[in-house]
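# Next come a sequence and a model predicted from it.
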Amino acid sequence: MLPRNYALPRVRRLYHRRLHCAVIFSLLKQHRRKRLRRRPFPKEWLAFIQRHVGFFRRLSASDRAELLGHVQIFLAEKRFEGCGGFTITDEVRVTVAAQACLLLLHRKTDYFPELLTILVYPLTYMVEEKRQVGEHFWEEGTVSRLGETGRRMGSLVLSWDAVKYGAADPSDGKNVVLHEFTHQLDFENHAADGMPSLATREQQLAWAAVMRSEFASLRAADESGIPTLLDTYGARNPAEFFAVSVEAFFERPCALRARHPKLYEQLRNYFQQDPVEYSAETIDR
Ligand SMILES: [Zn+2]
């Protein structure tokens, strides 16, 4: 064992060296991102967004510019891989990125830091799943999926068909990209509990109280067969509840604000956005 008067300064030196490296790394990252954000946005990429992403033209000019800057960084930092014989093109990358980056507007962001790779299948894909159907019973079978992600996966899976379908109609309440990337936001505080990273204890308590009550209401409605605005897939657990709430927040904001005002308020505070102002749903108000 080293004498205390020798060990402590050495530990401190190592700690300071690591801290110094982390600060330099962070500054370099910020500098690289600033440069990427300012790069001219390729015309063909913009054409893909205009063709596929329904909400884009409804955003304000400053939000559109901010979104395109985020897309440049997102595409420089994330890797895409095709699955099931699918070929990744710029059309695929840009259409996914534009929707995912809607979740980042107006907020300080580290661009889904837990996520490295996005895997894309051409169509709905099949996976083996084991599901609990009773206290002591499990059922095994093949299920179809539109997308998925997990806290320790470092990847996110999407079906290109579902990505296009979700992007084309910005007010049907269904968007697989918003759903799966919301799970990534949930993971930012190192848990998959339906609560993203919130700055203060007060915000966490307010979020938890509203989500607990809204989640219980959705479960009760699902069990009794009452029609709901929120997708009852969200009744599975708090993480899925957060994901389906975000789909409704961006795609059915008027209905969500009217029927679940406290939930809408929590999401508006977190996302620093008011989708009522630009949603296609506002036409039918
Ligand atoms: Zn989910």
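Everything's here; your move.
# residue in the stretch 1-150 of the chain nearest to the ion?
E148 (7.0 Å; CB to the ion). Heads up, the C-betas are built off the backbone N, CA and C, glycines and all.
# Going by secondary structure, that residue is in what exactly?
strand 147-149 (DSSP states H and E).
# contacting residues around that strand?
When contacts are defined by CB atoms under 8 Å, 6 or more residues apart in numbering, strand 147-149 is touched by residues 115, 127, 155-159, 162, 176-177, 179-180, 183-184.
# Those residues of this structure touching the ion, which are they?
E240, A243 (CB under 5 Å from the ion).
# buried residues in the worst-scoring helix or strand of the chain on mean pLDDT?
Counting by mean pLDDT, DSSP states H and E, the weakest-scoring helix or strand in the chain turns out to be helix 4-38, with a mean of 79. Neighbour-count burial for helix 4-38 flags R33, L36, R37 (criterion: 16 or more other CB atoms under 10 Å).
# Looking at these, which is nearest W138?
R33 (45.3 Å; CB to CB).
# I'd say that closest one and I73 touch.
Yes. With contact defined as CB atoms under 8 Å, R33 counts as touching I73 (5.1 Å).
# Could you list the paired strands of the strand holding E148 along with their orientation?
strand 155-159 (antiparallel) (DSSP bridges).
# what mean pLDDT would you report for the strand it pairs with?
Average pLDDT, strand 155-159: 97.
# just stretch 205-223 next, same as before
97.
# go on, stretch 103-111?
96.
# start to end distance for that stretch?
10 Å (CA to CA, to the nearest Å).
# all numbers from here: first residue = 19
Taking 19 as the first residue, the last one we looked at is stretch 121-129.
# Sort out which residues of it are buried, please.
L121, L122, L123, T127, Y129.
# Now do that stretch: everything it contacts.
81, 84-85, 88, 91-92, 95-96, 196, 199-200, 203, 206, 264, 289-291.
# need the helices for the protein, in chain order.
Ranges of helices in the chain, per DSSP state H, are 22-56, 61-70, 79-95, 108-120, 178-186, 194-205, 219-242, 256-269, 271-277, 279-289.
# Make JSON lines from these and add distance to V161 to it.
Compiled in JSON lines, those are given as follows (distance: least, CB to CB, whole Å):
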{"stretch": "helix 22-56", "distance to V161": "38"}
{"stretch": "helix 61-70", "distance to V161": "27"}
{"stretch": "helix 79-95", "distance to V161": "29"}
{"stretch": "helix 108-120", "distance to V161": "23"}
{"stretch": "helix 178-186", "distance to V161": "14"}
{"stretch": "helix 194-205", "distance to V161": "15"}
{"stretch": "helix 219-242", "distance to V161": "19"}
{"stretch": "helix 256-269", "distance to V161": "15"}
{"stretch": "helix 271-277", "distance to V161": "28"}
{"stretch": "helix 279-289", "distance to V161": "28"}
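# Tell me which of those helices sits nearest to E158.
Nearest of the helices of the chain (CB to CB): helix 256-269, 20.9 Å.
# Can you tell me what sits against the closest one?
73, 120-121, 188-193, 196-198, 200-201, 204, 210-214, 229, 232-233, 236, 247-249, 251-253, 273-274, 281-282, 285-286, 289, 293, 297, 299.
# quick one, it and helix 279-289 angle?
90 degrees (axes from the mean of the first three to the mean of the last three CA atoms, to 10 degrees).
# List the buried residues for stretch 254-272?
So stretch 254-272, judged by 16+ other CB under 10 Å, has buried residues 256-272.
# do stretch 148-166 as well
Quick answer for stretch 148-166 (16+ other CB under 10 Å): R163, L164, G165, E166.
# Max pairwise distance over these: which two?
Top of the distance list for these (CB to CB): L164 and E166, 8.4 Å.
# show me the contacts for S173.
Here S173 is in contact with L133, L134, T135, I136, L137, T167 (CB under 8 Å, 6+ apart).
# can I get those in TSV with neighbour count and pLDDT?
Formatted as TSV, those follow (neighbours: other CB atoms under 10 Å; pLDDT from 0 to 100):
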residue	neighbour count	pLDDT
L133	22	96
L134	13	96
T135	13	97
I136	26	97
L137	21	97
T167	25	93
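# So which of the residues you listed sit within strands?
Among those, the ones falling in strands (DSSP state E) are T135, I136, L137, T167.
# Q284: neighbour count?
As a burial measure, Q284 scores 22 neighbours (other CB atoms under 10 Å).
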